[in-house]
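K.L.:
Next comes the sequence, and after it the predicted model I'd like to discuss.
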Amino acid sequence: MMNIVTLLIGVTLMYATPLIFGALGGVISERSGVVNIGIEGMMTVGAFTGATVGYFSGNPWIGLLCAGIAGGLMGLLHATASVSFLADQTISGVAINLLGPGLALFFCRQAFDGATQTLPVTNKLPKIFGDSATGILSNLNVDVMVIIALITAVVMWFVLYRTKWGLRIQAVGENPAAADTLGVNVKKTRYLCVIMSGILSGIAGACVTLSIVAQFSQTSIAGQGFIALAAVIFGRWRPQDAYLACLVFGFAQALTVVLGGGVVNIPTEILAMLPYVLTIIILILFVGKSVAPKADGVPYVKGKR
């Protein structure tokens, strides 16, 4: 029984970690007033970049860094369209979700002789307890990104609620005109937040291909970006609540793994649907009760009231 519990905990943390980084990326972007539904596309680009660089360099940390940079470039593209050109942020996010997988597949074919998936990464991100762990600890098969995700959530909470810059971000997301009159550069603030959102989303994708599956394929992300977006809403645009929401979604995925291992005789099709059904249920129950920042999704034109 204890082995099953620890296995559930380990698998929950493993699957929740990419969602946490993606959700935190959504929080920082939307707190500044820019809707980012392009998390899925940014995660896909990050997943491909992390796996490819990790494979050719043999160093997963370099792959993780490059994945963050690739995601940041996608964030820059979204910020340019949304902030500078005042494009509809939802449409821009949809475009990112279409562009990301397309770019990943194109460059994958170029780098791996026409293949639609990368070769396996030989060196994955290091485990917390190492491969030599025995007993109960062997079921907690999680890597250091679990700790980094927790630290990132704490740092984002501190920045948003305990620093001057964080208060400026929230002011820009609530009332950009008032923030502008107080000397806050609305455009610069939104650019930085959306780029940071892309960086975190790219890292989220790399967590999948450098830790969980160890290679990139077209199904590596498979809707996890949308689940992360649901966690942002479920978490009421707060980093600490989004973190907890990701643990809930990670637990749902862990149930599919543990129950699919023969513990209970449940059809695999039903188990595979569980995380996505839970996402829909949570959105139905909580989307009407969650209140987004007032200026979220509203382009800001300087001087216009």
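P.N.:
It's in.
K.L.:
make it CA atoms for all contacts and neighbour counts henceforth
P.N.:
Noted.
K.L.:
Quick one: neighbours of Lys188, just the number.
P.N.:
Using other CA atoms under 10 Å, the number of residues around Lys188 comes to 11.
K.L.:
Checking my notes, it in a helix, right?
P.N.:
Yes. Assessed with DSSP: H, G, I helix; E, B strand; the rest coil, Lys188 lies in a helix.
K.L.:
so how far is Thr80 from it?
P.N.:
11 Å (CA to CA, to the nearest Å).
K.L.:
Which parts of the protein are helices?
P.N.:
Using DSSP state H, the helices of the chain run over residues 2-31, 39-57, 60-79, 89-111, 145-162, 164-174, 176-181, 186-207, 224-234, 239-258, 268-286.
K.L.:
deepest of those helices, which one?
P.N.:
helix 39-57 (a mean of 31; mean count of other CA atoms under 10 Å).
K.L.:
list the helices and strands it packs on?
P.N.:
helix 2-31, helix 60-79, helix 89-111, helix 186-207, helix 224-234 (3 or more CA pairs under 8 Å, 6 or more residues apart in numbering; DSSP states H and E).
K.L.:
what distance separates the second one from the middle of the whole chain?
P.N.:
Remark: helix 60-79 is offset 12 Å from the chain centroid, using CA atoms, centre = their mean, to the nearest Å.
K.L.:
ok and that helix relative to helix 2-31, angle-wise?
P.N.:
40 degrees (axes from the mean of the first three to the mean of the last three CA atoms, to 10 degrees).
K.L.:
Show me the shaky parts of the chain.
P.N.:
The chain contains residues with pLDDT under 70 at 1-2, 130-139, 261-265, 287-289, 303-305.
K.L.:
Recalculate using a threshold of 80.
P.N.:
Within the chain, the stretches with pLDDT under 80 are 1-4, 129-141, 258-272, 282-283, 285-290, 302-305.
K.L.:
wait, what's in contact with Tyr15?
P.N.:
212, 250-251, 253-254 (CA atoms under 8 Å, 6 or more residues apart in numbering).
K.L.:
let's see it at 10 Å
P.N.:
The neighbours of Tyr15, taking CA atoms under 10 Å, 6 or more residues apart in numbering as the test, are 142, 146, 207-208, 211-212, 224, 246-247, 249-254.
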